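>>> task: produce atomic coordinates for the following.
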Amino acid sequence: MIGDASWLVAILSRWLHLSFACLLVGGTFFMGFLVREGATEGDTPATGSIYLKARRGLKMVVHSSVLFLLLTGTYNATLNWAAYRRNIPLTHALFGTHLLFALIVFAILMVTFARKQPRPTERKWLKIAALLLFLTVLMASSLKYAREHPKAQMIESRP
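Below you'll find the predicted structure:
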């Protein structure tokens, strides 16, 4: 096992996936819920510049996170595909929902950060994205449980 390094790549890929997911969830939650309301309206030059600097930083995190989440997510899914097939109805629903929510969030964040200046509705979209990210994490953890605890197979007795 030690001679074969595939386990190391699998662990590294999983770790990278979780790390970038944490960065994306935390950054989106921070900008959507914790940054002061006045910071987006630009009441003072100081609060406006703080928000714009934080926004620029989050934009870089979003772009790199989306790239690495797509790459590591694809790799992790191919590694676990056989385990997903053991419990098809449940894992299919959870995997599909997880992927759909992630792609919706990626689209929301890419469109939100496409402009240099924030739109008036940016915080609303960041809040929606943060809530969808929490649901995406819920689907992912449920999928991991379903993958590791496949349903008991019913044995049909033939007459």
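>>> grab the most central residue of the protein for me.
A21 (4.7 Å; Cα atoms, centre = their mean).
>>> the helix or strand where that one lies - contacts with which helices or strands?
Using DSSP states H and E, A21 sits in helix 6-29. Judged by 3 or more Cβ pairs under 8 Å, 6 or more residues apart in numbering; DSSP states H and E, the packing partners of helix 6-29 are helix 45-85, helix 88-112, helix 122-148. C-beta: built from backbone N, CA, C; applies to glycine.
>>> which stretch among these comes nearest R36?
helix 45-85 (6.7 Å; Cβ to Cβ).
>>> about what we covered before: list the buried residues for the helix holding A21?
Residues of helix 6-29 classed as buried: 13-14, 16-17, 20-21, 23-25, 27-29 (neighbour count, 16 or more other Cβ atoms under 10 Å).
>>> then stretch 52-63?
52, 55, 58-59, 61-62.
>>> and if you look at stretch 121-135?
For stretch 121-135, using 16+ other Cβ under 10 Å, the buried residues are 122-123, 125-126, 128-130, 132-133.
>>> check contacts around the spatially closest residue to A140 that is not a sequence neighbour.
Leaving out its chain neighbours, the residue that sits closest to A140 by Cβ to Cβ, 6 or more residues apart in numbering is H98, at 5.2 Å. H98 makes contacts with 136, 139-140, 143, as judged by Cβ atoms under 8 Å, 6 or more residues apart in numbering.
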